[in-house]
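K.L.:
Dropping the sequence and predicted coords here.
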Amino acid sequence: MRSLISSFEGFWNWVKVEEVSIFSTHLNLMSSRTSDLKDLAPVCIMPAEKHGKRSRQAPLESDLMCCINELPDEMLMNILSNLEVKEAAKTSVLSRKWRNLWTFSANLDFDRTWKKLWKKLWENLEIDVRDLWMLYSDTKRQKHGVHKFMESVSNVLDRHRGSTLDRLRIAFNMHFYCPCIEQYVAKWVDFALVKRVRILELDLTSASGSDVSESACAFPSWLLSIPLDLPCFDRLTALCLNSVSISDAELAYFLSSCPLLEQLSVRNARGLKNVRVSGVALTLNRLEIGSNYVCDQLESVEICAPNLTSFKYGWCREPTVKMCLTDVPKLAWISLRNSSCEHSIVKFHNDLCLSRMKKLELDLRSMDHDRCLQFPRSFPELNNLEDLGLKFIVREDENLLFLNSIIAASPCLQKLTMEVHVRLN
């Protein structure tokens, strides 16, 4: 423990940065800035309880309800779009005017993940105990819960009356192979296509993040048969896929048929082999490619995007994937996560255009003691680097002096953020 703390003191003696933030899971270390936590009050509109007779509303509540009812339908629909789908649907019992307003919501977010449920518990929000119970039940009950969730999502989409959709997000944990999942995904994608959605997110990852070979369902291949001149995804600005298998051809289809696409995130996609993101007319500015699986097929990543500003790459494998970034004049932020990303900086320094990066993030949490000893003693000059973020795990009797080399290669460094996980002996 003392050696770890003394190594921090060694940093402060010579590192001249304007801001340093250190986060630790086991140590109470100093932090120069912490994010403000805002209390989020849940909004829930419920009908008045019936006790044989119609309950009387207080004058103030009655006047407030009258004022709300006088608002234009477009404004009420915008308000409902900010609520969860289940909460927005509850407003249908308020009055005849509110009966179908929620079906015009422009934002549909269906989230049945562990992360969402535990967040509600942490914030003392109301949750459905049956959902939490399903996550901890046996496989048969879990399958029943997933089927019920997918069916309820499809029912809500069938009742949607809006002509367009701003955002469609469907997220739930897949712990097992489900034969009908691809039929549901195809139906959801078809709905997004008809509604000309702006933001499409499909997250089917397992709760534990484990490698479940059958968990990643295939993206509907019938998209490739649609002519490119048809206005299908002409409004799409963001596409995020997690544990949804997509091929190189399908990825190329989205890049060529979505002229407004600005954000693309593809994680745990087993169908990718040779990723090519290129095009003079591309408006893409944020790109993320990653996988938690060891047995993947990715061989190369080629990027030629003049408007790209940030690139996140994370893979479990050794850095054997061929990387090539060309014509990326606006690229200023790179985030790397793989089994030896510190060596990727040295190996792919020119290919990743690291000499002009202003922000760099390295996830070193898979680094063991031997890897600390093999940490590069020198790095190529990072002359424009202003913001450096490091995530790593160390033993309590281990020092951090091995990081001196990368800090010394950043003469213009202004901000250093370190997320330290201390492994107790």
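P.N.:
It's in. Not measured: the values here are computed from a predicted model. Numbering: from 1, shown residues only.
K.L.:
Show me where the stretch 201-350 of the chain has its helices.
P.N.:
Using DSSP state H, counting those that start in this stretch, the helices of the stretch 201-350 of the chain run over residues 248-257, 341-347.
K.L.:
Which one, of the ones you listed, ends up nearest to I406?
P.N.:
Between I406 and the helices of the stretch 201-350 of the chain, the shortest gap by CB to CB is with helix 341-347, which sits at 7.3 Å. Bear in mind the C-beta positions are built from the backbone N, C-alpha and C, glycine included.
K.L.:
Next up, the contacts around the closest residue to K273 other than its chain neighbours.
P.N.:
Nearest non-adjacent residue to K273, counting by CB to CB, 6 or more residues apart in numbering: Q297, 4.9 Å away. Shown in contact with Q297 (CB atoms under 8 Å, 6 or more residues apart in numbering): 270-273.
K.L.:
Would you mind writing the CA trace of the longest helix along the chain as PDB?
P.N.:
The residue-count maximum for a helix in the chain (DSSP state H) belongs to helix 139-159. Backbone C-alpha positions of helix 139-159 (Å, rounded to 0.1, in the frame of the first residue of the first chain) are rendered in PDB as follows:
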ATOM      1  CA  THR A 139     -33.600 -20.800 -17.500                       C
ATOM      2  CA  LYS A 140     -37.200 -21.800 -18.200                       C
ATOM      3  CA  ARG A 141     -38.600 -18.700 -16.400                       C
ATOM      4  CA  GLN A 142     -35.900 -16.500 -17.900                       C
ATOM      5  CA  LYS A 143     -37.000 -17.600 -21.400                       C
ATOM      6  CA  HIS A 144     -40.600 -16.900 -20.500                       C
ATOM      7  CA  GLY A 145     -39.700 -13.500 -19.300                       C
ATOM      8  CA  VAL A 146     -37.700 -12.700 -22.500                       C
ATOM      9  CA  HIS A 147     -40.600 -13.900 -24.700                       C
ATOM     10  CA  LYS A 148     -43.100 -11.800 -22.800                       C
ATOM     11  CA  PHE A 149     -40.800  -8.800 -23.100                       C
ATOM     12  CA  MET A 150     -40.400  -9.200 -26.900                       C
ATOM     13  CA  GLU A 151     -44.100  -9.700 -27.400                       C
ATOM     14  CA  SER A 152     -45.000  -6.600 -25.400                       C
ATOM     15  CA  VAL A 153     -42.500  -4.600 -27.400                       C
ATOM     16  CA  SER A 154     -44.100  -5.800 -30.600                       C
ATOM     17  CA  ASN A 155     -47.500  -5.000 -29.300                       C
ATOM     18  CA  VAL A 156     -46.500  -1.400 -28.500                       C
ATOM     19  CA  LEU A 157     -44.900  -0.900 -31.900                       C
ATOM     20  CA  ASP A 158     -48.100  -2.200 -33.600                       C
ATOM     21  CA  ARG A 159     -50.200   0.400 -31.700                       C
END
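K.L.:
Please point out which parts of stretch 217-227 sit buried.
P.N.:
Burial within stretch 217-227, assessed by neighbour count using 16 or more other CB atoms under 10 Å, is assigned to 217-220, 223.
K.L.:
Below-threshold pLDDT in the stretch 251-400 of the chain: ranges please.
P.N.:
For the stretch 251-400 of the chain, applying pLDDT under 70 flags the ranges 293-296, 316-320, 339-340, 343, 347-349, 351, 367-373.
K.L.:
which residues in it form strands?
P.N.:
For the stretch 251-400 of the chain, the strands defined by DSSP state E, counting those that start in this stretch occupy 263-267, 274-278, 286-290, 300-304, 310-314, 322-325, 333-337, 359-364, 387-395.
K.L.:
what residues go with each domain of the chain?
P.N.:
Using automatic domain parsing, the domains assigned to the chain come out as 1-30+358-425, 77-289.
K.L.:
Using JSON lines, lay out the ones you listed together with distance to C324.
P.N.:
JSON lines is the format used below for the domains of the chain (distance: least, CB to CB, whole Å):
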{"stretch": "domain 1-30+358-425", "distance to C324": "17"}
{"stretch": "domain 77-289", "distance to C324": "10"}
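K.L.:
and those domains, which one is worst for confidence?
P.N.:
Mean pLDDT is lowest for domain 1-30+358-425 out of the domains of the chain, coming in at a mean of 73.
K.L.:
before we move on, the earlier item: narrow the buried residues of stretch 217-227 to those in strands?
P.N.:
217-218 (DSSP state E).
K.L.:
Looking at the buried residues of stretch 217-227, which is nearest L388?
P.N.:
Relative to L388, the closest of the buried residues of stretch 217-227 is F219; by CB to CB it sits at 36.0 Å.
K.L.:
List the contacts of the closest one.
P.N.:
For F219, the contact set (CB under 8 Å, 6+ apart) comprises 185, 189, 241, 244-247, 250, 271.
K.L.:
For ChimeraX, what selects the buried ones among those?
P.N.:
Listed next is the ChimeraX selection for buried residues among these, using 16+ other CB under 10 Å:
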select :185,189,241,244,245,246,247,250,271
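K.L.:
List just the nearest of the contacts of F219 to V153.
P.N.:
Checking these against V153 by CB to CB gives V185 as the nearest, at 10.6 Å.
K.L.:
Validate this expectation: the closest one resides in a helix.
P.N.:
Yes. Under DSSP: H, G, I helix; E, B strand; the rest coil, V185 sits within a helix.
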